[in-house]
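>>> Sequence first, predicted coordinates after that:
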Amino acid sequence: MVYQICLMLMKNVPDAEDAAQTVFRKVMEYPKPFRDPEHEKAWLIVTARNECKNQLKHWWRTHRESEEAMEKLTWEQPVDGELWDAVLTLPQHQRMALYLCYYQGYTAREAAEIMGKNPSTVRTWLAQGRKKLKEVLEVEYHG
């Protein structure tokens, strides 16, 4: 899950691997035990997101976009090629909201907490993402 989030946000294997490695190093250094598995999962998602944001901010980061890397990303549920291509056209915040709600099973309120956003903002992003996916997929299937 951590690597998947990092790859989705970083869009290339080397940077995603670096970010995921940093997240797991932070897990080893985390001073307290987690309250429960959901707390640990949420902590990992937030830490992965924040680490990717930090890495993306650095001026020294090179842009190594790789379509092959994105094709290797598999989520926990099977995704067909057309759907995956459509998801990749969405802005990062919509991709993350869709991932948390539809692939990780969080509610919009829980996803908002993880993303550090207002629940209504996340619900808006979900609606916009679904609408965009529908448009992209209709063009694909109906020419």
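Thanks, I have it.

>>> Give me the buried positions along the helix or strand harbouring M28.
Following DSSP states H and E, the helix or strand that holds M28 is helix 13-29. Across helix 13-29, burial judged by 16 or more other Cβ atoms under 10 Å covers 13, 15-16, 18-20, 22-23. From N, CA and C alone the C-beta is placed, and that goes for glycine too.

>>> C-terminal to that helix, what's the next element?
Counting by DSSP H and E, what follows helix 13-29 is helix 37-57.

>>> and that following helix, which residues are buried?
Under 16+ other Cβ under 10 Å, the buried positions of helix 37-57 are 41-49, 51-52, 55.

>>> can you list the residues you listed in JSON lines and add pLDDT and distance to Y141?
Formatted as JSON lines, these follow (pLDDT from 0 to 100; distance: Cβ to Cβ, whole Å):
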{"residue": "K41", "pLDDT": "89", "distance to Y141": "35"}
{"residue": "A42", "pLDDT": "89", "distance to Y141": "36"}
{"residue": "W43", "pLDDT": "90", "distance to Y141": "40"}
{"residue": "L44", "pLDDT": "91", "distance to Y141": "36"}
{"residue": "I45", "pLDDT": "91", "distance to Y141": "32"}
{"residue": "V46", "pLDDT": "91", "distance to Y141": "36"}
{"residue": "T47", "pLDDT": "92", "distance to Y141": "38"}
{"residue": "A48", "pLDDT": "93", "distance to Y141": "33"}
{"residue": "R49", "pLDDT": "90", "distance to Y141": "32"}
{"residue": "E51", "pLDDT": "92", "distance to Y141": "37"}
{"residue": "C52", "pLDDT": "89", "distance to Y141": "32"}
{"residue": "Q55", "pLDDT": "86", "distance to Y141": "37"}
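
>>> Taking these, tell me the two that lie furthest apart.
The span of those, defined through Cβ to Cβ, is set by K41 and Q55 at 21.5 Å.
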